[in-house]
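Visitor: just a sequence and a predicted model for now, questions to come.
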There are 2 protein chains.
Amino acid sequence: MRSRPYGYPILSLQDQLSSFDNHIERRLSSLCNKFSDEKAFQTLLVSGDPIIYEVYESCRPEAAGELASGLSIVHPGRVGQEYFMTKGHYHKVRDTAEVYYCIQGKGVLLMENESGDTAVEELHPGRVVYVTPRWAHRSINTGGQDLVTFFVYPANAGHDYATIDATGFRKRLLDHDGVPTIVDNHQRSECSG
Amino acid sequence: MRSRPYGYPILSLQDQLSSFDNHIERRLSSLCNKFSDEKAFQTLLVSGDPIIYEVYESCRPEAAGELASGLSIVHPGRVGQEYFMTKGHYHKVRDTAEVYYCIQGKGVLLMENESGDTAVEELHPGRVVYVTPRWAHRSINTGGQDLVTFFVYPANAGHDYATIDATGFRKRLLDHDGVPTIVDNHQRSECSG
């Protein structure tokens, strides 16, 4: 890990591959129980378990004051009516924020907190979204090309996937005749436990 | 100050004006003793004290875990051979990093630490620079249009301008026949105190 300041370009895939310390690929199979349409999920799974999203990270020591940063790339597609999306997570250290800057594509950041509030913020090139501390967040690609965002968060934040794994988000984003539409997640209680 | 997640666009001046909480303008007169050519400085000062750079800030509580973010815009121009630049500063809380993402223009981030090291990283659209904790940093516009960068740093970092005010940076960036060239700052000891 570098101890001096450093720079890196993030606008082409070739640059990404060489500039980042870590690359994560999430296939459909790692998003079990996340999508509402189980039949569509199984059909897509047997047809080849596609990559849903990728994350390129610039790693830093997990210390307060350091900043983790990188690129999130959610590929375009749907599972039934539901758009391709990330797992979504809280930060393990709840009182830590995150900043997203959209570089390419079209989508939303779906967020919720443990008090029962939901927030939906659009992502399109040049738009920043500030995820206030204590809000779980999920990137959803509603467009026809890769949704690419640059993210920055305190390097000590950590990831808590388990809370969302247990219950799911309260809301889903579905395609209704070409229009991204927020609906209640009726499976929320079933997924609990 | 907002307690829910929020988004804002940052790609046009009109958006900037309405989206940010705070706007700072730094005129030449606020950069006294920063440029090497005192005669060129005085000439430019009496000709109208131009705005050298501007900062648009999205303010957050000054707490660890929160992130301050915004836009830095360094206008194009020179004082003698020296490019328009920011004052430059350390973070008051030394063990805090900063991330820059270049949106427009061409320049460099000049950095140094209190151990005597210097770092120079190029800024051009799509390039990220990570300022590791304990490094002072200054944005310098070497191009012909505004140098626009999006910055993110821990909201508890604070600004220490006094350390750089007292001595200046160890290096300067001068235009030598159209080529940005790093040179020693021979006035560094004179400015001390």
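Guide: Cool, the structure landed. Numbering: from 1, shown residues only, chains lettered A, B, ... in the order given.

Visitor: longest helix in chain A, by residue count?
Guide: When every helix of chain A is counted residue by residue (DSSP state H), the longest turns out to be helix A:38-46.

Visitor: just want the angle from the helix or strand that that helix is followed by to helix A:38-46.
Guide: Heading C-terminal from helix A:38-46, the first helix or strand you meet, by DSSP states H and E, is strand A:51-58. Computed with axes from the mean of the first three to the mean of the last three Cα atoms, to 10 degrees, the direction of strand A:51-58 lies at 70 degrees from that of helix A:38-46.

Visitor: where do the helices sit along chain A?
Guide: For chain A, the helices defined by DSSP H cover A:13-19, A:38-46, A:162-167.

Visitor: out of those, which comes closest to chain B?
Guide: Judged by Cβ to the nearest Cβ, the one of the helices of chain A that comes nearest to chain B is helix A:13-19, at 8.0 Å. Backbone N, C-alpha and C define where each C-beta goes, glycine included.

Visitor: rounded mean pLDDT for that closest one, please.
Guide: In this model, helix A:13-19 has a mean pLDDT of 62.

Visitor: and stretch A:54-64, by the same measure?
Guide: Confidence over stretch A:54-64, taken as the mean pLDDT, stands at 91.

Visitor: list the contacts of the spatially closest residue to A:T132 that is not a sequence neighbour.
Guide: If you skip the residues right next to it in sequence, A:T132 has B:P5 as its closest partner in space, 5.2 Å away by Cβ to Cβ, 6 or more residues apart in numbering or on different chains. By Cβ atoms under 8 Å, 6 or more residues apart in numbering or on different chains, the contact set of B:P5 is A:109, A:111, A:119, A:121, A:129-132, A:135, A:137.

Visitor: sorry, back to before: just put the helices of chain A in JSON lines and tack on distance to A:R27 and mean neighbour count.
Guide: As requested, these are exported to JSON lines (distance: least, Cβ to Cβ, whole Å; neighbours: other Cβ atoms under 10 Å in any protein chain shown):
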{"stretch": "helix A:13-19", "distance to A:R27": "18", "mean neighbour count": "13"}
{"stretch": "helix A:38-46", "distance to A:R27": "9", "mean neighbour count": "14"}
{"stretch": "helix A:162-167", "distance to A:R27": "16", "mean neighbour count": "14"}
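
Visitor: mind putting these into TSV with distance to chain B?
Guide: Converted to TSV, the helices of chain A look like this (distance: least, Cβ to the nearest Cβ, whole Å):
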stretch	distance to chain B
helix A:13-19	8
helix A:38-46	28
helix A:162-167	16
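
Visitor: which outside residues touch stretch A:158-176?
Guide: A:33-34, A:36, A:62, A:78, A:81-83, A:85, A:87-93, A:108, A:110, A:112, A:114, A:116, A:118, A:120, A:136, A:138, A:140, A:142, A:180-185, A:187-189, A:191-193.

Visitor: ok, which of those residues also contact chain B?
Guide: Judged by Cβ under 8 Å from any Cβ of the partner chain, the overlap between the contacts of stretch A:158-176 and the neighbourhood of chain B comprises A:V93.

Visitor: number of residues surrounding A:H23?
Guide: By other Cβ atoms under 10 Å in any protein chain shown, the residues close to A:H23 number 13.

Visitor: which residues does the closest residue to it other than its chain neighbours bridge with?
Guide: Distances taken as Cβ to Cβ, 6+ apart put A:Y56 closest to A:H23, at 5.5 Å, once the chain neighbours are dropped. Taking DSSP bridges, one finds A:H23, A:L71 as the beta-bridge partners of A:Y56.

Visitor: can you count the residues close to A:Y56?
Guide: A total of 23 residues lie near A:Y56 under the criterion other Cβ under 10 Å.

Visitor: ok, now which ones touch it?
Guide: With contact taken as Cβ under 8 Å, 6+ apart, A:Y56 is in contact with A:10, A:16, A:19-20, A:22-24, A:70-71, A:73.

Visitor: distance of it relative to B:L67?
Guide: For A:Y56, the distance to B:L67 under the criterion Cβ to Cβ, to the nearest Å works out to 20 Å.

Visitor: again, but for A:S58
Guide: Look at A:S58 and B:L67: by Cβ to Cβ, they are 16 Å apart.
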